[in-house]
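*Asks:* Predicted model follows, preceded by the sequence.
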Amino acid sequence: MSDPNTEARRVVEHMMQHDRFSQWLGIELLDIKTGESCIRMKVREEMVNGFGIAHGGVAFSLADSAFAFACNNRNQLSVALDTSINFTREVRVGDTLTATAKEEHNGRSTGLYTIRIVNQDEKLVAQFKGLCYRTDKKLI
């Protein structure tokens with residue numbers, strides 16, 4: 001019998017190979033377990049808004065990728081039904097953000113995930129919640 005975490009990592013690595021946006025963000029896979037993911041990225045100059053702080057879409061996109069990696073890593077294509085985010089601290093160029101996705105509910109047709117994003121000082125910068133719908137399609 002194969003290790004489910006090995007399968008989860010294989011699925012996410014496949015996803016990353018085809019995910020041009022996550023590649024552009026510079027996302028690095030840190031830890032992948034069944035129903036969970038932990039990823040990291042560094043904020044670059046082209047990611048700031050007119051106020052000189054990171055655009056909220058950067059943290060949202062990082063969280064969304066962590067969400068996708070966590071809810072799809074059982075090799076069952078899942079898509080977002082609903083997402084929300086709360087920003088708690090500003091993010092600057094040069095900050096390193098780590099997003100950790102945890103599965104709160106794994107149902108037959110839906111899954112619920114919380115994603116915490118912290119900076120290099122372990123300070124919470126955003127909290128994301130995602131609800132996914134599970135299809136009957138395989139990713140790989």
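*Replies:* Looks like it arrived, so ask away. Computed from a predicted structure; not experimentally measured.

*Asks:* and residue 23, what does it touch?
*Replies:* residue 16 (C-beta atoms under 8 Å, 6 or more residues apart in numbering). The way it works is simple: take the backbone N, C-alpha and C, and place the C-beta from them, glycine included.

*Asks:* Next, the buried residues of the strand or helix carrying it.
*Replies:* Secondary structure assignment for residue 23, by DSSP states H and E: helix 20-25. Neighbour-count burial for helix 20-25, with 16 or more other C-beta atoms under 10 Å as criterion, is recorded at 22, 25.

*Asks:* how far does stretch 128-140 stretch from start to finish?
*Replies:* Stretch 128-140 has its terminal residues 27 Å apart, counting by C-alpha to C-alpha, to the nearest Å.

*Asks:* List the contacts of that stretch.
*Replies:* With contacts defined as C-beta under 8 Å, 6+ apart, stretch 128-140 is touched by 10-11, 14-15, 60, 63-64, 66-67, 71-72, 75-86, 99, 107-117.

*Asks:* In it, which residues are buried?
*Replies:* 128-132, 134, 139.

*Asks:* Over to stretch 33-44?
*Replies:* For stretch 33-44, the neighbour count (16+ other C-beta under 10 Å) marks 33-41, 43 as buried.

*Asks:* repeat for stretch 61-79
*Replies:* Of all the residues in stretch 61-79, those buried under the rule 16+ other C-beta under 10 Å are 61-74, 76, 78.

*Asks:* For the chain, just list every one of the helices.
*Replies:* 4-18, 20-25, 56-72 (DSSP state H).

*Asks:* what would these look like in JSON lines with mean pLDDT and distance to residue 50?
*Replies:* Converted to JSON lines, the helices of the chain look like this (pLDDT from 0 to 100; distance: least, C-beta to C-beta, whole Å):
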{"stretch": "helix 4-18", "mean pLDDT": "96", "distance to residue 50": "31"}
{"stretch": "helix 20-25", "mean pLDDT": "97", "distance to residue 50": "20"}
{"stretch": "helix 56-72", "mean pLDDT": "98", "distance to residue 50": "12"}
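
*Asks:* Could you export these as TSV, including distance to residue 103?
*Replies:* Output for the helices of the chain, formatted as TSV (distance: least, C-beta to C-beta, whole Å):
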stretch	distance to residue 103
helix 4-18	11
helix 20-25	19
helix 56-72	6
